[in-house]
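K.L.:
How does the following fold in three dimensions:
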Amino acid sequence: MSAISQKTVRANGLDFAYLEAGTGPLVLLLHGFPDNAWTWQAQITALANQGWRVVAPWLRGYAPSQIPSQPYYDRITLAKDVRELIGALNHGQPAHIIAQDWGAAITYGVLAMYPQAVRSAVVMAIPHVNAALGDALSPVQIQRAFHWWFFQIDGMAEHAVPLNDYAFIDFLWRDWSPKHQEHAHLAHIKRMLAEPGCLSACVGYYRALLRSDYRDPAHAALWHQLDAPIATTTLAVCGADDVRAEVMSQQAGFFCGTYRYQEVPGTGHFLHREAPEAVNALLLDWLAEHAHTAPAQAVI
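P.N.:
The predicted structure is shown next:
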């Protein structure tokens, strides 16, 4: 069995902490919110044992990764993080990406802007950002994404989320994945969020969706590139009980390359933790099928 080690790498001007196991072609695992790299523990082990080098970084601002001095969390900045991580970890060679929640949202941007860095992608539990924003005002999606709007209020999340031992985090996991039994993992997430500046960094991702003060002004001329059709070979996966499945099942129009959509029965938002064996089997089949897939070219 491959042991999991924790290391650090410099990419896009920041120090990123990451978990690593195995040897072979690189598979990059990207977590979401409220979560961290350890969310992938079952996947790291399963993939590494089948001949893959598996790396799961903490995203920018998620301790112990570095919190940037400028609070820029726009999707271009985040996509550059991933491109630079692949470059630093894989000597500039393309990698496979598996990503959930914010990790998936970032990956859509990577595939649009930097397809040469990716052989294949699996995006889980979050639809293409434009699909999500396009349906954001439907009543069911407003209810599901209430935290998007709540986090826009300066200082409110920083005050409210830590109350009662971070009960807000318990609520989100219970609401999004009612069948989960993740108490030890949630305790680890809470300790991470208690690190100075970490919570503000995490909610900064949501603020950057709607507010220009959390976006790097140097990227203004590049923003349109995020809307490019995605040619990378991609599998989209969602828990069948996740309300996001309604939007995610209808996003094929954002892809111009090989694309497949699949649901995992009996699971919610954190499907990789609710049904690790089923998700691992799906991921291993996908990677075996696309192990040697060539990266797509950018679509202009």
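
K.L.:
gap between the nearest residue to residue 6 once chain neighbours are set aside and residue 298?
P.N.:
Using CB to CB, 6 or more residues apart in numbering and skipping the chain neighbours, the partner closest in space to residue 6 is residue 19 (5.7 Å). C-betas here are computed from N, CA, C, even on glycine. As judged by CB to CB, to the nearest Å, residue 19 and residue 298 stand 30 Å apart.

K.L.:
Of the two, which one has the most company?
P.N.:
Shown here are residue 19 and residue 298; by other CB atoms under 10 Å, residue 19 has more neighbours (20 against 14).

K.L.:
Confirm that that one lies within a strand, as I assumed.
P.N.:
Yes: judged by DSSP: H, G, I helix; E, B strand; the rest coil, residue 19 forms part of a strand.

K.L.:
Contacts only, for it.
P.N.:
Under the criterion of CB atoms under 8 Å, 6 or more residues apart in numbering, the neighbours of residue 19 are 4-6, 37-38, 40, 44, 55-57.

K.L.:
doesn't residue 165 make contact with residue 193?
P.N.:
No: under the criterion of CB atoms under 8 Å, residue 193 is not in contact with residue 165, lying 11.0 Å apart.

K.L.:
which one of the two has more residues nearby?
P.N.:
Between residue 193 and residue 165, residue 193 has the larger neighbour count (other CB under 10 Å), namely 22 against 11.

K.L.:
Quick one: residues contacting that one.
P.N.:
Residues near residue 193 by CB under 8 Å, 6+ apart: 34, 161-162, 166, 169, 199, 202.

K.L.:
CSV for the residues you listed, including secondary structure and pLDDT?
P.N.:
Below are the contacts of residue 193 laid out as CSV (DSSP: H, G, I helix; E, B strand; the rest coil; pLDDT from 0 to 100):
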residue, secondary structure, pLDDT
34, coil, 98
161, coil, 98
162, coil, 98
166, helix, 97
169, helix, 97
199, helix, 98
202, helix, 98
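
K.L.:
which among these gets closest to residue 114?
P.N.:
Of all the contacts of residue 193, residue 202 has the smallest distance to residue 114: 23.6 Å, by CB to CB.

K.L.:
The closest one contacts residue 32, doesn't it?
P.N.:
No: proximity of residue 202 to residue 32 does not meet the contact threshold set by CB under 8 Å, at 10.1 Å.

K.L.:
and the most centrally placed residue in the chain, helix, strand or coil?
P.N.:
Against the mean C-alpha coordinate of the chain, by CA atoms, centre = their mean, the closest residue is residue 103 at 0.9 Å. With three-state DSSP as the basis, residue 103 sits in helix.

K.L.:
how close does it get to residue 224?
P.N.:
Taken as CB to CB, the span from residue 103 to residue 224 is 23 Å.
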